[in-house]
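1. curious how this folds, go ahead:
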Amino acid sequence: MIREPNKNVFSSDMLVRFSHCDPAGIIFYPHYFVMFNGLVEDWFNHALNIDYAGFITNRRLGLPMVNIQCDFVAPSKIGEVITLTLKVERIGNSSILLLVQALFEGKVRLSSKLTLCVSSFATGRAVPIPDDLRQRLNEFTGCQLDVPRRHA
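-> As a prediction, the model looks like this:
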């Protein structure tokens, strides 16, 4: 049974699909990185209440992953519903360090640290985290937001 998430942890359930898997029926590891990006989008939209698409298209700001550390603990298989969890570890001037895990039946399948960097599309360079995003991040880490759980 999967533990109920803490208030400062965003969780999203994900069905492991055929398209995620290699011929052995386990997630082909690069697909986790695509899942991480989807998790960040869901977190923005549903926990931070910041429109991710608008952040990208209207504000012309990106959130590329500039550093990824991953420990692949156990394989995830086609047909399983894994839970991806996201927790903020550090908020910098332009960067956000996230702890992300993939769980199945409460057991860790993958543990990762992702560093996101707010960047300007105009300059291609890092920019300070916008004030509204910083405020929502601080509320999220301080457990002041009602954090929903997303399902596949």
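2. what about Phe36, which helix or strand?
-> Element membership for Phe36, per DSSP states H and E: helix 30-42.
3. do Arg136 as well
-> Using DSSP H and E, Arg136 falls within helix 131-141.
4. quick check: buried residues in that helix?
-> When neighbours are counted by 16 or more other Cβ atoms under 10 Å, the buried residues of helix 131-141 are found to be 133, 136-137, 140-141. Yep, even glycine has a C-beta here, placed from its N, CA and C like the rest.
5. equivalent analysis for stretch 106-124, please.
-> Judged by neighbour count using 16+ other Cβ under 10 Å, the buried positions of stretch 106-124 are 109-112, 114-119.
6. pLDDT weak spots in the protein?
-> For the chain, the stretches with pLDDT under 70 are 1-7, 143-152.
7. next, the contact list for the closest residue to Glu80 other than its chain neighbours, please.
-> When the adjacent residues along the chain are set aside, Glu80 lies closest to Val16, with 4.8 Å between them (Cβ to Cβ, 6 or more residues apart in numbering). The neighbours of Val16, taking Cβ atoms under 8 Å, 6 or more residues apart in numbering as the test, are 27, 76-82.
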